[in-house]
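Student: Predicted model and sequence follow; I will ask about them next.
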Amino acid sequence: MSILPMAHSLAGATPRMRQAAQQFEGQVLGLLLQPMFAAASNARAGFGGGAAEAQWQPMMTEAYANRMAQAGGLGLRDMVLAHMIRIQEAQQNNQENNR
């Protein structure tokens, strides 16, 4: 079984599933971006640093990550979505077999 989704395999996805997969990718991207911003925080010459910047930095990281996910991200969304569809199909098959 391939882990790469085929275009036709994503046709059964609901808008809610697509949104959940995109949000998941945004969270993953946020986790990947955090170390980058943490390293950049050591050189705060451009923004001045301080407590206020430290408070806003996680929100900025989250906004960047969500925007990256909306623009296509790393391609995790489609893989997660294909897996969600496979799980849903397996659950439907189990329910039909138990009748």
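Tutor: That came through, no problem. Residues are numbered from 1 along each chain as shown.
Student: The protein: helices as residue ranges?
Tutor: Using DSSP state H, the helices found in the chain span residues 15-40, 50-70, 76-97.
Student: Alpha carbons of the second one, as PDB, please.
Tutor: This points to helix 50-70. Taking C-alpha atoms only, helix 50-70 is exported to PDB below (Å, rounded to 0.1, in the frame of the first residue of the first chain):
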ATOM      1  CA  GLY A  50      12.100  42.300  25.500                       C
ATOM      2  CA  ALA A  51       9.100  40.700  27.200                       C
ATOM      3  CA  ALA A  52       6.500  42.100  24.800                       C
ATOM      4  CA  GLU A  53       8.300  40.500  21.800                       C
ATOM      5  CA  ALA A  54       8.600  37.200  23.600                       C
ATOM      6  CA  GLN A  55       4.800  37.200  24.300                       C
ATOM      7  CA  TRP A  56       3.900  37.900  20.600                       C
ATOM      8  CA  GLN A  57       6.500  35.600  19.100                       C
ATOM      9  CA  PRO A  58       4.400  32.400  19.500                       C
ATOM     10  CA  MET A  59       1.400  34.000  17.800                       C
ATOM     11  CA  MET A  60       3.500  35.200  15.000                       C
ATOM     12  CA  THR A  61       5.000  31.700  14.600                       C
ATOM     13  CA  GLU A  62       1.500  30.200  14.500                       C
ATOM     14  CA  ALA A  63       0.300  32.800  11.900                       C
ATOM     15  CA  TYR A  64       3.200  32.000   9.700                       C
ATOM     16  CA  ALA A  65       2.600  28.200  10.100                       C
ATOM     17  CA  ASN A  66      -1.100  28.500   9.300                       C
ATOM     18  CA  ARG A  67      -0.400  30.600   6.200                       C
ATOM     19  CA  MET A  68       2.200  28.200   5.000                       C
ATOM     20  CA  ALA A  69      -0.300  25.300   5.400                       C
ATOM     21  CA  GLN A  70      -2.900  27.300   3.500                       C
END
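Student: Rounded mean pLDDT for it, please.
Tutor: For helix 50-70, mean pLDDT rounds to 88.
Student: who's in contact with it?
Tutor: 22-23, 25-27, 29-30, 32-34, 37, 41, 44, 47, 77 (C-beta atoms under 8 Å, 6 or more residues apart in numbering). Yep, even glycine has a C-beta here, placed from its N, CA and C like the rest.
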